[in-house]
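Colleague: Pasted the sequence and its predicted model underneath.
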Amino acid sequence: MISKKLAIQVLNEALSTGADYAEIFYEDSRSHTVVIENGKVETSSSNSLCGVGLRLLKENQCVYGYTNNLSKRGLLALANSLNKSFNGERLITVEKFVAIRSKNRNPIIRSYNDVPVEEKIALLREGVDEINSLKDPRIVRTFANFADTHRFVAVFNSKGKWFKRASEFGRMAFQVIAADQSGFETGFDAPGAQQGIDYFKTEKVNPRKSARKAAEIALKMLTAAECPSGKMPVVIGNGWGGVLFHEACGHPLEASSVAKGLSCFSNNKMGDMIASPIVSAIDDSTMPSEWGSIDIDDEGNLGTKRRLIKNGKLNDFMIDDFNGRRMGREGNGACRRQNYRFVPTSRMSNTYICNGKSTPEEVIGATKLGLYAVGFSGGSVDPTTGEFNFGCSEAYIIRDGKIAEPVKGATLIGKGFEILKKIDMVANDLDFSQGMCGASSGAIRTNVGQPTLRVSEVVVGGRGGELK
């Protein structure tokens, strides 16, 4: 941790050549990972990260640098190297700080620092034992890991604000590979939260349940036929199905794309109908103990609940202060980064489509012939055009309103803003899944979520011929 006195000195040196804003981001993080492969502990490692990032802004210019030399000389040298990007007169002098405080919505009763590695290994072995209990020779490889991080950050900026926060989060993951003469398939499940290790021992989230889910996905997809191709109704499952909205629509709603006119939702679309009237979507960083939640963002703005889409209308964006300058908006608590080595920008937190009025059974039952997409794997999105393609890791054919045979190799192809308008049924079973989102400010924790919903028509790619 650096002192307030030193922070004032560094900021004033940074501001001496005309920058209109300066910010110090201090981080001290420690993480631990345990990996079990095929029942054997392969890795038990710890890592630490400590350093400072310094950002200078002048109008729409941004200069950034970082260092792990936290001495006065090292920090002033960083400030001096960055301020050479400007050649104006001083505009701001920092004299004191006012503390920004927030409610701690993500308390950890039992710190991971106090959890012995043997307890983490025992947790993973429960899941491995569950997989072994299936006694299926087609399961050829299993991976289990538990990763936890304790992160402390402090921010000092030229607005005279400063804050500090400590957070902890853990994630348990199981990956199962099943193979036979036809090839191999992978199943994966990885719940995570800003909660202590006891969270992973509950009825809802436990290693046996998670490991069995991963194994069952791999085995089902191993016997699956190739997915048919063509235009068809697609029902997207709850929870992890929200990754499609996250990628195809969430990223284009971030100010980092919108402010530069690089989003399909740029050009004054606020208030326009961009989705079906039954669709509302939210990005909420205030949800207690959730994987993507933050009390304060990396610019010192309090986390908020942002209603992105309201009854089909574009209602808001995820905005950081810097990109907000181009938009004539202030940041709304959406500025994040992986660590001090990355320039912060607008990012998602817990992003989801809200519950609708149908039941999951009604959505499936109303679909005579189509695809039921439950899990997604790799894909690509162009935020400028909204064009996407996503591979399905778990999918089934729907016949006469019932879930029928599993299929593999399905790919969903389309444009995010077109898909939003084709959602014609939304169920009431909202759920969330956890992931890591990569973008310009690094990989950050994000929750994706949605209830079961139906898109009336999607282009589906596959090698199984025409859907019959």
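Modeller: Arrived safely, thanks for sending.
Colleague: which strands and helices sit next to whichever strand or helix holds K5?
Modeller: Per DSSP states H and E, K5 falls inside helix 4-14. Here helix 4-14 touches strand 21-37, strand 40-58, helix 72-83, strand 139-157, going by 3 or more CB pairs under 8 Å, 6 or more residues apart in numbering; DSSP states H and E. Yep, even glycine has a C-beta here, placed from its N, CA and C like the rest.
Colleague: now the ones you listed in CSV, with distance to Q9, mean pLDDT and mean neighbour count?
Modeller: Output for the helices and strands packed on helix 4-14, formatted as CSV (distance: least, CB to CB, whole Å; pLDDT from 0 to 100; neighbours: other CB atoms under 10 Å):
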stretch, distance to Q9, mean pLDDT, mean neighbour count
strand 21-37, 11, 97, 20
strand 40-58, 12, 95, 16
helix 72-83, 7, 98, 17
strand 139-157, 11, 97, 20
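Colleague: Format these as CSV; extra columns: distance to G242.
Modeller: Output for the helices and strands packed on helix 4-14, formatted as CSV (distance: least, CB to CB, whole Å):
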stretch, distance to G242
strand 21-37, 26
strand 40-58, 30
helix 72-83, 39
strand 139-157, 22
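Colleague: how far away is the residue lying farthest from the centre of the chain from A19?
Modeller: Computed with CA atoms, centre = their mean, the maximum C-alpha offset from the centroid of the chain is found at E89, amounting to 40.7 Å. For E89, the distance to A19 equals 11 Å [CB to CB, to the nearest Å].
Colleague: cool, I294 as well?
Modeller: Counting by CB to CB - I294 and A19 are separated by 26 Å.
Colleague: Tell me if I am right that L70 is in a helix.
Modeller: No - under DSSP: H, G, I helix; E, B strand; the rest coil, L70 sits outside any helix and is assigned coil.
Colleague: what's it in contact with, if anything?
Modeller: Listed by CB atoms under 8 Å, 6 or more residues apart in numbering, the contact set of L70 reads I2, C50, G51, V52.
Colleague: can we see that at 6 Å?
Modeller: By CB atoms under 6 Å, 6 or more residues apart in numbering, the contact set of L70 is empty.
Colleague: how near is it to G435?
Modeller: Distance from L70 to G435, counting by CB to CB: 32 Å.
Colleague: Next: A224.
Modeller: From A224 over to G435 (counting by CB to CB), the distance is 24 Å.
Colleague: and what of G196?
Modeller: 21 Å.
Colleague: With N301 instead?
Modeller: Using CB to CB, one obtains 24 Å as the distance from N301 to G435.
Colleague: Ok, P344 next?
Modeller: Look at P344 and G435: by CB to CB, they are 20 Å apart.
Colleague: got it, and R336?
Modeller: 14 Å.
Colleague: more crowded one of the two?
Modeller: R336 (27 against 20; other CB atoms under 10 Å).
Colleague: Model confidence for that one, exactly?
Modeller: With respect to pLDDT, R336 scores 97.
Colleague: Provide the strand pairings for the lowest-mean-pLDDT helix or strand in the chain, with the direction of each partner.
Modeller: In the chain, the helix or strand scored least confidently by mean pLDDT, DSSP states H and E is strand 369-382, which has a mean of 89. Using DSSP bridges, strand 369-382 pairs in its sheet with strand 230-236 (parallel), strand 387-399 (antiparallel).
Colleague: so can I have CSV of the ones you listed showing distance to E37, mean neighbour count and mean pLDDT?
Modeller: Shown next, in CSV, are these (distance: least, CB to CB, whole Å; neighbours: other CB atoms under 10 Å; pLDDT from 0 to 100):
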stretch, distance to E37, mean neighbour count, mean pLDDT
strand 230-236, 32, 21, 97
strand 387-399, 21, 21, 94
